[in-house]
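*Asks:* what's the 3D shape of this:
(2 chains)
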Amino acid sequence: MKWTQTLIPTLREAPADAEILSHKLLLRAGLIRKLAGGVYTFLPPGLRALRKVEQIIREEMNRAGAIEVLMPALQPKEIWEQSGRAETAKDVLFKVKDGAQREWFLSPTAEEVITTLAANEINSYRQLPKNFYQVSTKFRDEIRPRFGLMRAKEFIMKDAYSFDASDEGAMASYQKMYDAYTRIFARCGLKAFPVEADTGVIGGNYSHEFMVPAETGENEVVFCEACGYAANIEKATSGIPKTAVREISAAIEKFATPGVVTIEALSKEPYKVPANRQIKTLVYIADSKPIIILMRGDDQLNETKLLAKTGATAVRPATAEEIVPLLGAKPGSLGAVKNVPVDVKVYADERLQGANDMTTGANEDGFHFKNVSIERDIKVSAWHDLRTVAAGEPCVKCGKPLKIRRAIEVGHVFKLGTKYSEKLNATFLDVDGQRKFGVMGCYGIGVTRTLQAVIEQCNDKDGVIWPLSVAPYQVCITPLTVAPESEAMKLAEKFYAELTAKGIDVILDDRDERPGVKFKDADLVGFPIRIALGEKSLAKGEVEIKPRNAALQSVKIENAIETVLALMK
RNA sequence: CGGGGCGUAGCGUAGCCCGGCUAGCGCGCUUGCUUGGGGUGCAAGAGGUCGCGGGUUCAAAUCCCGCCGCCCCGACCA
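*Replies:* Next up is the predicted model:
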């Protein structure tokens, strides 16, 4: 490609609405342009890089035995009602009506469509296992699009769905995808690692996310350097000990705490109750029903765990207006010792199991109870791990201190089980003649997000540093004079033809610009290898080869092509 | 949706508090000359409904009201 024939609109300055580095570089390097919030046009070099990521994904999916299909973005409402997700996923669904007022959803994912397909086309265990995948545009009415391609309303996703005859088979399919994902991200030049994950609204019971470490990531990952344990903070547990049991069994006692409404205030004079001897009482609304959650005073509730453990489709903190009539006191004096309505469930964090000599609110403004023994004095409906892990806590597996870092989620694999096959009646006839539900898994990669994650991870002060595998062009030929009869331009054309013939993606910067402009742009867009052809070196029979991330080397003209080929190995 | 911020030429911005504008600057763009190995220099140009609508005023980019859009923090997620 000749630079003057394509469009690479580089910018000296980043538009003010770009906040993070990768977003700025996407815009400055002329890879994308925004049409509206969360909606982007891919410009020629951005599209080329995107296609390369897609190609790597296709190769690895095919290699893992998956088969490519293409499902419609426009999906009938009815199958979403059948799966129940018309309700549970309603916040992210884009809804459209046709001229006959029939309602359609723009696909945010495709479990319903593929399961409908499987229900119709798969009838026998002989056809299993099958793993269908597609690369397509997805639509999600994100509450808040952000950071360019990182979280967009319209984006490209690779989604795959496996169907197996048995749970063991489904595990094997899952493992194949897990391995394929590991290879895909490595081939894209990304340092991505798998972590245990919550399954969220998709459902299922076993899941990993593939994370790219980045300060700008939207996720927090808990990990152990000693044994390799890693989990999303929404899912992570630690080996932190339960609350120490004390050798006293005094009777429960009410005491006045006027104006004290925080854990911290109660830990100070004159009360001096340490946070780890307090029981924090939270009220949440789980699918419109109030529930009480008990946490130790120095612990934080993990709402994702709460959602998972309650089985609700949504939870939110109750407002003061909802709490007062329920418990008879305002937040700050709440407890579960008395005045708890019988139909309100009390979920307690496991760290409080057996705890005694605790202090908690009395459900009476300005009063607390002390000497509380949780199992003696509080009727707990269910014990669960509900706390958020903090850095430094002992690893649940090996006891070494855990660390936490931020990361970008680029892929997610789920073992779904039969949730969708049951809802959409996807059955097959097994070897024993029994009709059974297909055991499913689903596997997503945010393709556009992966592209941005590569940029977020591969850059320097001058611009992007593309890995060879996904660079829009692998080689940029930069003649410093572009007059057609000049030696530099003639040689540039020759190199261009030779490298192109070898299957290499080459761009020839034929713009009549000063060398500085061309060098700056080549660095900004981030081509892995640049060949400069200028009078000074040509006079010595040499050209300059500059890998984007290594030192410049002068080589004889006749050795130039082989040097480039060697660098690309 | 809650909280915070911002909308002035393709991009970055000054001016706004304290009304007086014929809206300034840098980059980019056009033309000519110049220069020719890391964003060359000089000159001449083109380009603006100051987000939109209403109001106050002799006068509004500037003050007031409403709306729209965008960005950041939170709930959501590939």
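
*Asks:* number of nearby residues for whichever residue of the stretch 351-500 of chain A sits closest to RNA strand B?
*Replies:* Nearest residue of the stretch 351-500 of chain A to RNA strand B (C-beta to the nearest atom of the strand) works out as residue A:446 at 2.7 Å. Using the backbone N, CA and C atoms, a C-beta is placed for each residue, glycine as well. Using other C-beta atoms under 10 Å, residue A:446 is surrounded by 24 other residues.

*Asks:* may I ask which helix or strand of chain A has the lowest mean pLDDT?
*Replies:* Ranked by mean pLDDT, DSSP states H and E, the weakest helix or strand in chain A is strand A:315-317, scoring a mean of 85.

*Asks:* how far out from the middle of the chain is that strand?
*Replies:* 23 Å (C-alpha atoms, centre = their mean, to the nearest Å).

*Asks:* what's in contact with it?
*Replies:* The contact list for strand A:315-317 (C-beta atoms under 8 Å, 6 or more residues apart in numbering) reads A:282, A:283, A:284, A:285, A:286, A:287, A:291, A:303, A:306, A:307.

*Asks:* and the helices in the stretch 351-500 of chain A?
*Replies:* All helices of the stretch 351-500 of chain A, identified by DSSP state H, counting those that start in this stretch, fall at A:374-377, A:419-423, A:447-457, A:487-501.

*Asks:* rebuild those as JSON lines, extending it with mean neighbour count and distance to residue A:569.
*Replies:* Putting the helices of the stretch 351-500 of chain A into JSON lines (neighbours: other C-beta atoms under 10 Å; distance: least, C-beta to C-beta, whole Å) gives the following:
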{"stretch": "helix A:374-377", "mean neighbour count": "16", "distance to residue A:569": "65"}
{"stretch": "helix A:419-423", "mean neighbour count": "21", "distance to residue A:569": "45"}
{"stretch": "helix A:447-457", "mean neighbour count": "26", "distance to residue A:569": "21"}
{"stretch": "helix A:487-501", "mean neighbour count": "17", "distance to residue A:569": "14"}
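
*Asks:* circling back: quick check: bridge partners of the residue of the stretch 351-500 of chain A closest to RNA strand B?
*Replies:* residue A:157 (DSSP bridges).

*Asks:* shouldn't it be in contact with residue A:454?
*Replies:* No: taking contacts as C-beta atoms under 8 Å, residue A:446 lies outside contact range of residue A:454: 11.9 Å.

*Asks:* any idea of the mean pLDDT in stretch A:467-478?
*Replies:* Average pLDDT, stretch A:467-478: 98.

*Asks:* first-to-last residue distance for it?
*Replies:* Taking C-alpha to C-alpha, to the nearest Å, the first and last residues of stretch A:467-478 lie 20 Å apart.

*Asks:* that one: how far from the chain's middle?
*Replies:* 27 Å.

*Asks:* the spatially closest residue to residue A:406 that is not a sequence neighbour: what's it in contact with?
*Replies:* Closest residue to residue A:406 apart from its sequence neighbours, by C-beta to C-beta, 6 or more residues apart in numbering: residue A:217 at 4.3 Å. Listed by C-beta under 8 Å, 6+ apart, the contact set of residue A:217 reads A:211, A:406, A:407, A:408, A:409.

*Asks:* switch to 6 Å and redo it
*Replies:* A:406, A:407, A:408 (C-beta atoms under 6 Å, 6 or more residues apart in numbering).

*Asks:* one more: residue A:275?
*Replies:* Neighbours of residue A:275 in contact, by C-beta under 6 Å, 6+ apart: A:263, A:267, A:297, A:298.

*Asks:* what helix or strand does the residue nearest to residue A:406 sit in?
*Replies:* Using DSSP states H and E, residue A:217 falls within no helix or strand.

*Asks:* before we move on, the earlier item: so which of the contacts of strand A:315-317 sit within strands?
*Replies:* A:282, A:283, A:284, A:285, A:286, A:291 (DSSP state E).

*Asks:* got TSV for those, with pLDDT too?
*Replies:* Below are the ones in strands among the contacts of strand A:315-317 laid out as TSV (pLDDT from 0 to 100):
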residue	pLDDT
A:282	92
A:283	91
A:284	90
A:285	88
A:286	88
A:291	92
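
*Asks:* now those as JSON lines including neighbour count?
*Replies:* Below are the ones in strands among the contacts of strand A:315-317 laid out as JSON lines (neighbours: other C-beta atoms under 10 Å):
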{"residue": "A:282", "neighbour count": "18"}
{"residue": "A:283", "neighbour count": "20"}
{"residue": "A:284", "neighbour count": "21"}
{"residue": "A:285", "neighbour count": "16"}
{"residue": "A:286", "neighbour count": "21"}
{"residue": "A:291", "neighbour count": "21"}
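
*Asks:* ok, now which ones touch residue A:430?
*Replies:* Contacts of residue A:430 by C-beta under 6 Å, 6+ apart are A:125, A:436.

*Asks:* confidence score at it?
*Replies:* In this model, residue A:430 carries a pLDDT of 97.

*Asks:* that one and residue A:419, how far apart?
*Replies:* Applying C-beta to C-beta, to the nearest Å, the value for residue A:430 to residue A:419 is 19 Å.

*Asks:* ditto for residue A:283
*Replies:* 30 Å.

*Asks:* same question for residue A:371.
*Replies:* For residue A:371, the distance to residue A:419 (C-beta to C-beta) stands at 46 Å.

*Asks:* got it, and residue A:372?
*Replies:* From residue A:372 to residue A:419 the distance is 41 Å (C-beta to C-beta).

*Asks:* show me what contacts residue A:528?
*Replies:* Counted by C-beta under 6 Å, 6+ apart, residue A:528 has contacts A:466, A:468, A:471, A:474, A:548.
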